[in-house]
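Undergrad: sequence below, structure please.
(one chain, ligands or ions: 1)
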Amino acid sequence: MLLRRWIAAGVVAVATVGVLSTVPATAGRPHDPADQSLRALGLRHGLYVGTAVDTAALDDPDDPRYREIVRDEFSSVTAENAMKWESLEPTRGRYDWAAADKIVATAQRNGQRLRGHVLVWHNQLPTWLTDGVADGSIDKAQLRQILRQHITTVVSRYRGKIWQWDVVNEAVSDPWDDPPTLHYKGFWAQHLGPGYVADAFRWARAADPKALLFYNDYNIEAFGSGDPADDKTQFVHDMVRDLLARGVPIDGVGSQGHLGTQYGNFDTFQVADALRRFAKLGLATAFTEVDVRSQLTEGVRAGVPDEINPRLQASAANFHVLLQACLAEPRCLSFTVWGFTDRHSWVPGWFDDPPEGLATLYDENYQPKRAYQTVKADLIFAGPPYVLPRVTPRPRR
Ligand code: XIL
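TA: Okay, the predicted model is just below:
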């Protein structure tokens, strides 16, 4: 439990911190901070540093380093796949909780918080569901009922154990979709209409009064034109503002943070501004799936330093921008990476034309990369007056 009260006189602040062995951000120079974990250093600010965890890696007896780093470096975990619908209910009506339960139990043993991922998404749905809708054996009214039942069942099982739930994931289209005007996309919008978003939050709240309920999406790190027709961040901003206006119990917006070094990306001020605008609505924010991938050119694959070094540096710089912006916004509650090692990262399997990788904090042999040191340095060299303790909202009724 972290308890801080600020008595501000200019930039003078008095803080008390209840985390043992963690040097408070206000205590002057930290002692040997580079020896501390990301977990301890994040908690100096009340910030939870998290990672996605892969069930197979967590279970692999020959891969103890994976478990050690999860345990030692992170204060929050997200199941990378184990809580998705296809994993939980592969056969209709028969839930298999084993993998998800194991992640929850491990996190509890490690004293870590949990992000629940994910209740409503158009991907990784069980085939019985998508086939049933396609062949007409599940009609619209039944589909809505099935969704309600799923949310209620999953949220109830982990009631009181999940800190933040990703209730709805990736509901909004991208400018490269057809039509290019931003819209509610995918399976749920197609079959239920956009009203499913509000329903999902209400059903989740009914099943857990205390979890923080998040909308989660990618490419919302910064605002663009300000026109919701082509600015996804603006579209999401307006969507959550309207949900709040209608009394829908939403507590936060998760920005995934999947970046690539080949793109222009953003600076700290642009990202901090986006977080602030969500905070102004009274919402928490979080970075929920950060990784910064690079193209694996022939030179990279051959180990040519001139090709590898600029990519590792650019990756670190992008981690830095997102983390610094999060630190600067007291309502940015957690910074979660989507896997911490290139040994177990979704990037090479997903982005293969051209091949991409090098997206995480540690290399394939669990050696910390420049990105790890950058994240660590950011957590060390941050403090008041620009970085203040976190402000956690009360779950909205
Ligand atoms: C990814 C997983 O990392 C992969 O293992 C899986 O094959 C596909 O999904 N946005 C999300 C995550 O919200 O759930 C996705 O995770 C990555 C993109």
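Undergrad: wait, doesn't E307 sit right on T297?
TA: Yes: the criterion here is CB atoms under 8 Å, and E307 meets it with T297 at 5.7 Å. Just so you know, the C-beta spots here come from the backbone N, C-alpha and C atoms, and that holds for glycine as well.
Undergrad: neighbour-wise, which of those two wins?
TA: Neighbours were tallied for E307 and for T297 using other CB atoms under 10 Å; the higher tally belongs to E307 (17 against 14).
Undergrad: which SSE is the residue most central in space within the chain in?
TA: Residue closest to the average C-alpha location in the chain (CA atoms, centre = their mean): T288, at 1.0 Å. Taking DSSP states H and E as the definition, one finds T288 inside strand 284-295.
Undergrad: do the same with C326
TA: Following DSSP H and E, one finds C326 within helix 305-328.
Undergrad: related to what we said a few turns ago, roughly how far is the helix or strand immediately after the strand holding T288 in the chain from the heart of the chain?
TA: Remark: after strand 284-295, the chain's next helix or strand is helix 298-301, criterion DSSP H and E. Centroid separation between helix 298-301 and its chain, computed with CA atoms, centre = their mean, to the nearest Å, is 30 Å.
Undergrad: how many residues are close by whichever residue of the chain sits closest to the ligand?
TA: Closest to the ligand within the chain is W346: 3.3 Å, counting by CB to the nearest ligand atom. W346: 19 surrounding residues under other CB under 10 Å.
Undergrad: got the phi and psi for Q142?
TA: Main-chain torsions, Q142, degrees, to the nearest 10: phi -70, psi -40.
Undergrad: what is the neighbour count of it?
TA: 12.
Undergrad: just the angle between the helix holding C326 and strand 284-295, please?
TA: Our comparison of helix 305-328 with strand 284-295, counting by axes from the mean of the first three to the mean of the last three CA atoms, to 10 degrees, yields an angle of 180 degrees.
Undergrad: contacting residues around the helix or strand just after helix 305-328?
TA: Remark: after helix 305-328, the chain's next helix or strand is strand 332-337, criterion DSSP H and E. The contact list for strand 332-337 (CB atoms under 8 Å, 6 or more residues apart in numbering) reads 42, 47-52, 76, 78, 113, 115, 164, 212, 252, 275, 279, 284-291, 322-323, 325-326, 360-361, 390, 392.
Undergrad: hmm, try it at 7 Å
TA: With contact meaning CB atoms under 7 Å, 6 or more residues apart in numbering, strand 332-337 is reached by 47-52, 76, 78, 115, 275, 284-291, 323, 326, 360-361, 390, 392.
Undergrad: next structured bit after that strand?
TA: helix 346-350.
Undergrad: counting contacts, what elements does that next one pack onto?
TA: Judged by 3 or more CB pairs under 7 Å, 6 or more residues apart in numbering; DSSP states H and E, the packing partners of helix 346-350 are strand 356-357.
Undergrad: pull the CA atoms of the very next helix or strand once past the strand it packs on into PDB?
TA: Per DSSP H and E, strand 356-357 leads on to helix 370-380 as the next helix or strand towards the C-terminus. Backbone C-alpha positions of helix 370-380 (Å, rounded to 0.1, in the frame of the first residue of the first chain) are rendered in PDB as follows:
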ATOM      1  CA  ARG A 370      19.500  -0.600 -24.200                       C
ATOM      2  CA  ALA A 371      15.700  -0.200 -23.900                       C
ATOM      3  CA  TYR A 372      15.800  -1.900 -20.500                       C
ATOM      4  CA  GLN A 373      18.500   0.500 -19.200                       C
ATOM      5  CA  THR A 374      16.500   3.400 -20.700                       C
ATOM      6  CA  VAL A 375      13.300   2.400 -18.900                       C
ATOM      7  CA  LYS A 376      15.300   1.900 -15.700                       C
ATOM      8  CA  ALA A 377      16.900   5.300 -16.000                       C
ATOM      9  CA  ASP A 378      13.600   7.000 -16.600                       C
ATOM     10  CA  LEU A 379      12.200   5.500 -13.400                       C
ATOM     11  CA  ILE A 380      15.300   6.600 -11.500                       C
END
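Undergrad: just the mean pLDDT for helix 370-380, thanks.
TA: For helix 370-380, mean pLDDT rounds to 97.
Undergrad: tell me the angle that helix makes with strand 332-337.
TA: 160 degrees.
Undergrad: so what's the residue of the chain closest to the ligand up against?
TA: Applying CB under 7 Å, 6+ apart, one finds that W346 lies in contact with W338, G339.
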